[in-house]
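K.L.:
My questions are about this predicted structure, shown below with the sequence.
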Amino acid sequence: MSTDVLVCGAGRTPFGRSEASGRQLAVSAVNAALADAGIEWSRVRAAFGGSDSAGLADTLVAQLGLTGLPFVNVKNGCATGGSALVSAVNAIRSGMADVVLAVGFDKHPRGAFDPRPEDWGLGAEYGSDGLMVTTQFFGMKIQRYMHDHGITPLTLARVAEKAYRNGELTPEAWRRKPVSAGEILDSGMVSDPLTRFMFCSPGAGAAALVLCSPDVARTLDGPSVTLRSAAVRTRRYGSFEVFSPSIPGGELTSVSRDASAAAFEEAGIGPGDIDLCQLQDTESGAEVMHMAECGFCEDGEQERLIAAGATEIGGALPVNTDGGCIANGEPIGASGLRQVYEVVQQLRGRAGEHQVPGEPRVGFTHVYGAPGVSACTVLSR
Amino acid sequence: MDGALTAMTTPPRSPAAGLQGARCSGCSVALYPADVTCPRCGGAAQPLALHGEGTLWTWTVQRYAPKSPPYQEPPGGFRPFALGYVELVDGVRVAAVLDVDDLDDVRIGMPLTVTAGDGVPRARPNAPTGANSPREEGP
């Protein structure tokens, strides 16, 4: 824990539909991150990375260069990027390496994510009766949350409206056309209360980070960002997850609550110290609930905060300044590192049209995915 | 939760017997479907016939036909259907398709009875929904 770890290079590709393969996108992101750091591939001493469905990261050495470095494949669902990042951090802290790469990439066809009941340990009837649909879970989780905490459909629409507005300002985003709250509410119900434009779509993209020790950072020209903490957690008993035949009674537990608390504890700061954040927004409801689960507000406060513009780029706590998953789409392996890329650029003052004003100093990222896994980071300049 | 998910490899149904769950002999939590170990404490769990009565904890509506396979359209074709979690008096929330006459009537807190059958658990409103309307004809 004693050794500081710095992000000295960050790269990403545009997200969306692409003619390029997932591996080609990964190579582009890695080369962009290396160029950003001003470091040659031959100087990288260890690498960690993965995709959910676009191939093995360690095969990228064929394009990057056969330098003999250790390259570990990570396959951890939506936490693939976060798990690769935690591994890279630990490689530096342990003294294994002083320059380390973390890369995440993916490429999903239109309408991807076709879960099979047997892969989830479920009886075939859950598929044949129509319960193997991920959007049902998102709808049911926010439905209960709205009931308990007074969140309205207009607030869900405002979250997506902000995502498309921020996407318009982000050159690498997929959805770059503003959509009004009214259009979002009228876009067709998918899984009540969530409409079509409130969801992200499976897509393609890659993101990469070059991490280094303080000694290496001092030799580099570019501005580095300190990775104050990175934490990954899996669910505890009592959480509400996708494709569950039942949920335990009583108060729900939250893996996002656990992972964010661990990240804040390790960093030695709290949610009140954060200037901007990235929260998993698979759909609008997720962003609303994750604001509270990660400690940025009390349950129910989102209704007032979002209406008042608190989560906008110029607000008190900008959330998903690059448009998040809703505007960037969801290449599963890449999303977690795309979030860190965005916060790194914001802290360096390099976010262009979607730059948060006032020279933000501390940022936070959060991914959440099936079947109950979350990864969080705290970054500062 | 791992135990609860993986346990579905053993179909819990017995059409006449209602919902076959389990209760942990150590920490007393109710499980559905039945499992031999408790996912909370790791203790041994014993079979338990769950009471089917409960209230609706959350819900959504499946508005479009799910991808087939694995989905199998019912005779007569797909119609939007409600689904949700029913909080049973035994202390567990069970996923079920909601057999209601009108999707607009679905409310959190409504009393329902969950039964096991040939497919996933199904929940029906407790109070009669119409004098002579057979509930099997709900959406």
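P.N.:
Structure's in. What do you need?

K.L.:
alpha carbons only for contacts and neighbour counts from here, please
P.N.:
OK.

K.L.:
tell me the SS of the closest residue to B:Gly84 other than its chain neighbours?
P.N.:
With sequence-adjacent residues excluded and distances taken as Cα to Cα, 6 or more residues apart in numbering or on different chains, B:Gly84 is closest to B:Trp59, at 3.8 Å. Under DSSP: H, G, I helix; E, B strand; the rest coil, the three-state class of B:Trp59 is strand.

K.L.:
Just the local confidence number for B:Trp59, please.
P.N.:
At B:Trp59, the pLDDT value in this model is 98.

K.L.:
Contacts only, for it.
P.N.:
Contacts for B:Trp59 (Cα atoms under 8 Å, 6 or more residues apart in numbering or on different chains) come out as A:139-140, A:143-144, B:82-85, B:106, B:108.

K.L.:
try 7 Å
P.N.:
Residues near B:Trp59 by Cα atoms under 7 Å, 6 or more residues apart in numbering or on different chains: A:140, A:143, B:82-85.

K.L.:
same deal with B:Gly21?
P.N.:
B:31-34, B:47-50 are the contacts of B:Gly21 under Cα under 7 Å, 6+ apart.

K.L.:
From those residues, which land in strands?
P.N.:
Counting by DSSP state E, these place B:31, B:47-50 in strands.

K.L.:
Strands of chain B, start to end?
P.N.:
Using DSSP E, strands in chain B cover B:19-24, B:30-31, B:45-50, B:53-62, B:81-88, B:92-98, B:111-115, B:122-125.

K.L.:
any idea how far the fifth one is from the chain center?
P.N.:
In this case it means strand B:81-88. Computed by Cα atoms, centre = their mean, to the nearest Å, the chain-centroid distance of strand B:81-88 equals 6 Å.

K.L.:
Can you check what angle separates that strand from strand B:53-62?
P.N.:
Computed by axes from the mean of the first three to the mean of the last three Cα atoms, to 10 degrees, the angle separating strand B:81-88 from strand B:53-62 equals 150 degrees.

K.L.:
Local confidence estimate at the closest residue in space to A:Phe137 that isn't next to it in sequence?
P.N.:
Take A:Phe137 and drop its neighbours on the chain: the residue closest to it by Cα to Cα, 6+ apart is A:Val242, 5.3 Å away. For A:Val242, the pLDDT comes out at 94.

K.L.:
quick one: A:Val242 and A:Pro115, what's the gap?
P.N.:
Separation of A:Val242 from A:Pro115 (Cα to Cα, to the nearest Å): 11 Å.

K.L.:
domains for chain B, by residue range?
P.N.:
For chain B, the structural domains run B:2-50, B:53-137, going by automatic domain parsing.

K.L.:
could I get those as a markdown table with distance to A:Val5?
P.N.:
Shown next, in a markdown table, are the domains of chain B (distance: least, Cα to Cα, whole Å):
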| stretch | distance to A:Val5 |
| --- | --- |
| domain B:2-50 | 34 |
| domain B:53-137 | 43 |
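
K.L.:
Just give me the lowest mean pLDDT stretch among the ones you listed.
P.N.:
Per-stretch mean pLDDT for those is lowest at domain B:2-50 (a mean of 77).

K.L.:
Can you pull up the residues of chain A that come close to chain B?
P.N.:
Within chain A, the residues that sit near chain B (Cα under 7 Å from any Cα of the partner chain) are A:120-123, A:125-130, A:133, A:136, A:139-140, A:143-144, A:189-192, A:237, A:244-249.

K.L.:
Would you mind checking these for buried ones?
P.N.:
Neighbour counting with 16 or more other Cα atoms under 10 Å in any protein chain shown marks A:120-123, A:125-130, A:133, A:136, A:139-140, A:143-144, A:189-192, A:237, A:244-249 as buried within the residues of chain A next to chain B.

K.L.:
Which ones among those residues lie within helices?
P.N.:
Residues of these located in helices (DSSP state H): A:125-128, A:136, A:139-140, A:143-144.

K.L.:
Relative to chain B, which of those residues is nearest.
P.N.:
Chain B lies nearest to A:Ser128 out of these, by Cα to the nearest Cα, at 4.0 Å.

K.L.:
my guess is that closest one meets B:Ser68, correct?
P.N.:
No - the pair A:Ser128 / B:Ser68 is not scored as a contact, 8.1 Å apart, by Cα atoms under 7 Å.

K.L.:
The stretch 251-381 of chain A: strands as residue ranges?
P.N.:
Applying DSSP state E, counting those that start in this stretch to the stretch 251-381 of chain A gives strands spanning A:276-279, A:362-369, A:373-380.

K.L.:
Which of those strands sits closest to A:Val210?
P.N.:
strand A:373-380 (14.2 Å; Cα to Cα).

K.L.:
For that closest one, the averaged confidence score.
P.N.:
In the prediction, strand A:373-380 has an average pLDDT of 96.

K.L.:
just stretch A:33-46 next, same as before
P.N.:
Averaging pLDDT along stretch A:33-46 gives 98.

K.L.:
So which bits of it are buried?
P.N.:
Here stretch A:33-46 shows A:33-37, A:39, A:41, A:44-46 as buried, counting by 16+ other Cα under 10 Å.

K.L.:
Need the winner for burial among the strands of chain B.
P.N.:
Burial of those is given as mean neighbour count (mean count of other Cα atoms under 10 Å in any protein chain shown); strand B:30-31 ranks first at a mean of 30.

K.L.:
Many thanks, I have nothing further to ask.
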